[in-house]
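Trainee: Fold the stuff below for me.
(2 chains, ligands or ions: 2)
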Amino acid sequence: MMFLNPALPGNRWALQMKEKKISIRSNKLLIKLLRTLKEAQAIITNITISKMSVELVELVNQYLTPNVPISPIAQGAEAIVFTTHVHPYLPNEITKDIDTNKKYIIKFRPPKKYRHPVIDKSLTKHRTLSEARILSKLFQIEGLKVPRLIAMDAVNGYLWMEFLGEDLPNNKGFSNLKNFLWMYSSDGRDPYDKVVKETLFKVGEQIGLLHWNDYCHGDLTSSNIVLVRDSNDIDNWIPHLIDFGLGSTSNMVEDKGVDLYVLERAIISTHSSYSDKYNEWLVKGFSSVYEKQGKNGSKKLGELLGRFEEVRLRGRKRSMLG
Amino acid sequence: MLVSKLPQFPDFTISASLFSNIENGEDLVKDIANIPYSLIDTTLICSVEQIYSAIYRVLVEYKFNRIKTKSINSELLLCLSQNSNITQNFKKFGINANTKNLVIVSILENQINNDLNKEFNALLKGEEIELNNENLQKICDMKAIRKILTSNLMMIQILPRPLSMLFS
Ligand SMILES: Nc1ncnc2c1ncn2[C@@H]1O[C@H](COP(=O)(O)OP(=O)(O)OP(=O)(O)O)[C@@H](O)[C@H]1O
Ligand SMILES: [Mg+2]
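Mentor: Numbers count the residues shown, from 1 in each chain, chains lettered A, B, ... in the order given. Ligands and ions are numbered 1, 2, ... in the order given. The predicted structure follows:
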């Protein structure tokens, strides 16, 4: 029997389920059960993470020394992500003035054993540098919201950046777009709430800004969009784009169309009942950025949305073929 | 004087001070080869982050890679920008005969020097003021910084929030 760490959100769910022996009596419960299955999936991922990464976490701990305590928060295909409360270089006298919420993200691309060490080092360096570069360029675009880069050690594959977002109320998880939409579709809340509409519009605007400036995200899922709550207005969620590991500069409509398609699929797969409206709002926000750019903007928008439709059709064909 | 250690590099002690109204720039330049500290002209420095993120880079290079200049002190001047042209960076961030304001930095490995503050004051004919963003922003040259920012993508990120807003 595997020990389930109750501190992990997925496991907490599973333990609760065990205690309650939930029976399926209504649609509502069915939905709950489906969500629980999703959580169960997450547990399996968690277990694999913990198995795979004991060694890696040890490596990171050695690199960071005990002076930088870390908590792992995610492991993707390429990187492990940690949070820490320790700033990499600023003296305490300084941090206390400029950072009220002292939490930082450390994104580490571990060595890949199946690659030749020399090639691996150079690839890691290249990818870390590339993500840092794109982040710094995007940071300078007016209106575009991305995390601020704090430090980098490209050779060893480390990026430090500011932590964005927060935990949603009532254990609804971290404030990425995915969990945010879950939150509004549960506990009797209105999935078409004004706040949802406004937030999705703003997400669309962010993507519009990104594409208008000829950048592509490359992995635009609803977990790679983090919502930061305005401290003066609790219903104002400011979307930030994260994870530019696959980001690039590109002026090709194809790349942009694929970005839009990936996000649309993400919304459909996790929030299928409401996805039509959600995607409509996203596209509205997206379009608004282009429409502000006059004739040229409208022309580009037309081409882009046309390509988006093509990509969508291709995707449908593929899934019909199985 | 700000004395600190970078968490990841506990063997190194960093001490840094800001001096204004320097009168002996010319002598300092002549003797620069014998001075065991980094001297940074603050014309292009508008935040403490700029200095300390560069120190972080120096220590990363020193520990895991190889430094490209002859000492930790000179490496700091190189690491103040993303540009890897040593001569250019020394010119931009190093002191010259007319330097009026500077940051002096000592990085010591496994060593403690309790007389550093005295040594700094003996070396520099000027007035020590607190090393903080407010003071740096009073004496730096915003116009010149704006110029180098466009060619230095990393730098804007390390400016404190209100300042980086200025540039976006
Ligand atoms: N700046 C940040 N602020 C808050 N959370 C972050 C930040 N950066 C990353 N995260 C968290 O860590 C997770 C993984 O980060 P990221 O997507 O950058 O890594 P990744 O390895 O490329 O992930 P994946 O392969 O799963 O897409 C994110 O989904 C998010 O929850
Ligand atoms: Mg991701």
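Trainee: Quickly check: the host helix or strand of residue A:73 near chain B or not.
Mentor: Under the criterion of DSSP states H and E, residue A:73 resides in strand A:71-75. No - Strand A:71-75 stays clear of chain B (Cβ under 8 Å from any Cβ of the partner chain), getting no nearer than 15.6 Å. Yep, even glycine has a C-beta here, placed from its N, CA and C like the rest.
Trainee: right, and the helix or strand after that strand?
Mentor: Next along the chain after strand A:71-75, taking DSSP H and E as the criterion, comes strand A:80-84.
Trainee: For that next one, give me every contacting residue.
Mentor: A:53, A:56-57, A:60, A:64, A:68-75, A:103-108, A:110, A:163 (Cβ atoms under 8 Å, 6 or more residues apart in numbering or on different chains).
Trainee: Show the average pLDDT along it.
Mentor: For strand A:80-84, mean pLDDT is 96.
Trainee: so how far is the first residue of stretch A:163-178 from its last?
Mentor: With Cα to Cα, to the nearest Å as the measure, the ends of stretch A:163-178 fall 18 Å from one another.
Trainee: Going along the chain, name the helices of chain B.
Mentor: Assigned by DSSP state H, the helices in chain B fall at B:25-30, B:48-64, B:72-79, B:86-93, B:116-123, B:133-139, B:142-151, B:155-158, B:161-167.
Trainee: Out of those, flag the one nearest ligand 1.
Mentor: helix B:155-158 (12.7 Å; Cβ to the nearest ligand atom).
Trainee: State the distance from the residue nearest to the spatial centre of chain B to residue A:66.
Mentor: The centroid of chain B falls nearest to residue B:40 when counting by Cα atoms, centre = their mean (4.4 Å). For residue B:40, the distance to residue A:66 equals 31 Å [Cβ to Cβ, to the nearest Å].
Trainee: Show the pLDDT at residue B:166.
Mentor: 55.
Trainee: for residue B:65, that is, sorry about that
Mentor: Here the pLDDT value assigned to residue B:65 is 85.
Trainee: May I have the beta-bridge partners of the residue nearest to the centre of chain B?
Mentor: Beta bridges link residue B:40 to residue B:103 when assigned by DSSP bridges.
Trainee: thinking again about what came up before, okay, the angle between the strand holding residue A:73 and strand A:80-84?
Mentor: Per axes from the mean of the first three to the mean of the last three Cα atoms, to 10 degrees, the angle that strand A:71-75 makes with strand A:80-84 is 150 degrees.
Trainee: and residue 64, what does it touch?
Mentor: Picking chain A for this. A:70, A:84, A:106, B:7, B:8.
Trainee: right idea, wrong chain: chain B
Mentor: Applying Cβ under 8 Å, 6+ apart to residue B:64 gives the contacts A:153, A:155, A:156.
Trainee: Looking at those residues, which is nearest chain B?
Mentor: The nearest member of the contacts of residue B:64 to chain B, counting by Cβ to the nearest Cβ, is residue A:153 at 4.8 Å.
Trainee: And the closest residue to that closest one other than its chain neighbours, how far from residue A:109?
Mentor: Nearest residue to residue A:153, sequence neighbours excluded (Cβ to Cβ, 6 or more residues apart in numbering or on different chains): residue B:60, at 4.8 Å. With the distance defined as Cβ to Cβ, residue B:60 ends up 15 Å from residue A:109.
Trainee: how deep is residue A:314 tucked in, by neighbour count?
Mentor: 13 (other Cβ atoms under 10 Å in any protein chain shown).
Trainee: Does it lie in a helix or a strand, and which?
Mentor: Secondary structure assigned from DSSP H and E places residue A:314 in helix A:294-321.
Trainee: From the contact counts, what lies against that helix?
Mentor: On a contact count with 3 or more Cβ pairs under 8 Å, 6 or more residues apart in numbering or on different chains; DSSP states H and E, helix A:294-321 meets helix A:194-212, helix A:253-270, helix A:275-291.
Trainee: Could you dump the ones you listed into TSV with mean pLDDT added?
Mentor: Output for the helices and strands packed on helix A:294-321, formatted as TSV (pLDDT from 0 to 100):
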stretch	mean pLDDT
helix A:194-212	98
helix A:253-270	96
helix A:275-291	98
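Trainee: roughly how far apart are residue B:75 and residue B:95?
Mentor: Between residue B:75 and residue B:95 the computed distance is 16 Å (Cβ to Cβ).
Trainee: neighbour count winner among those two?
Mentor: residue B:95 (26 against 23).
Trainee: so that one makes contact with residue B:31?
Mentor: No - Residue B:95 lies out of contact with residue B:31 (Cβ atoms under 8 Å); the separation is 11.0 Å.
Trainee: Those residues of the stretch 51-200 of chain A touching ligand 2, which are they?
Mentor: Proximity of the stretch 51-200 of chain A to ligand 2, by Cβ under 5 Å from the ion, involves no residues.
Trainee: Sketch out the strands for the stretch 51-200 of chain A, chain order is fine.
Mentor: A:71-75, A:80-84, A:104-108, A:149-153, A:158-162 (DSSP state E, counting those that start in this stretch).
Trainee: For chain B, tell me whether the last one is touching it.
Mentor: No - among the residues of strand A:158-162, none lie within reach of chain B under Cβ under 8 Å from any Cβ; the closest is 8.7 Å away.
Trainee: now the closest residue to residue A:274 other than its chain neighbours: how far from residue A:270?
Mentor: Excluding its sequence neighbours, the residue lying closest to residue A:274 (Cβ to Cβ, 6+ apart) is residue A:191, at 4.7 Å. Using Cβ to Cβ, residue A:191 is found at 12 Å from residue A:270.
Trainee: quick revisit: if any of the contacts of residue B:64 are buried, give me the PyMOL selection for them.
Mentor: In PyMOL, a selection of the buried entries from those looks like this (16 or more other Cβ atoms under 10 Å in any protein chain shown):
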select buried, chain A and resi 153+155+156
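Trainee: Serialize the contacts of residue B:64 to JSON lines and add fields for pLDDT.
Mentor: Formatted as JSON lines, those follow (pLDDT from 0 to 100):
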{"residue": "A:153", "pLDDT": "94"}
{"residue": "A:155", "pLDDT": "93"}
{"residue": "A:156", "pLDDT": "96"}
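Trainee: in the sheet, who's paired with residue A:241?
Mentor: Here residue A:241, judged by DSSP bridges, has bridge partners residue A:225.
Trainee: distance of the residue lying closest to residue A:115 once chain neighbours are set aside from residue A:154?
Mentor: In space, and not counting its chain neighbours, residue A:115 is closest to residue A:123: 7.0 Å by Cβ to Cβ, 6+ apart. Using Cβ to Cβ, one gets 11 Å for the distance from residue A:123 to residue A:154.
Trainee: ok, those two, which is more surrounded?
Mentor: Taking other Cβ under 10 Å, residue A:123 and residue A:154 do not tie; residue A:154 has more neighbours (19 against 16).
Trainee: residue contacts, that one?
Mentor: By Cβ under 8 Å, 6+ apart, the contact set of residue A:154 is A:124, A:125, A:128, A:129, A:132.
Trainee: Give me the distance between it and residue A:133.
Mentor: Noted for residue A:154: a distance of 10 Å to residue A:133, by Cβ to Cβ.
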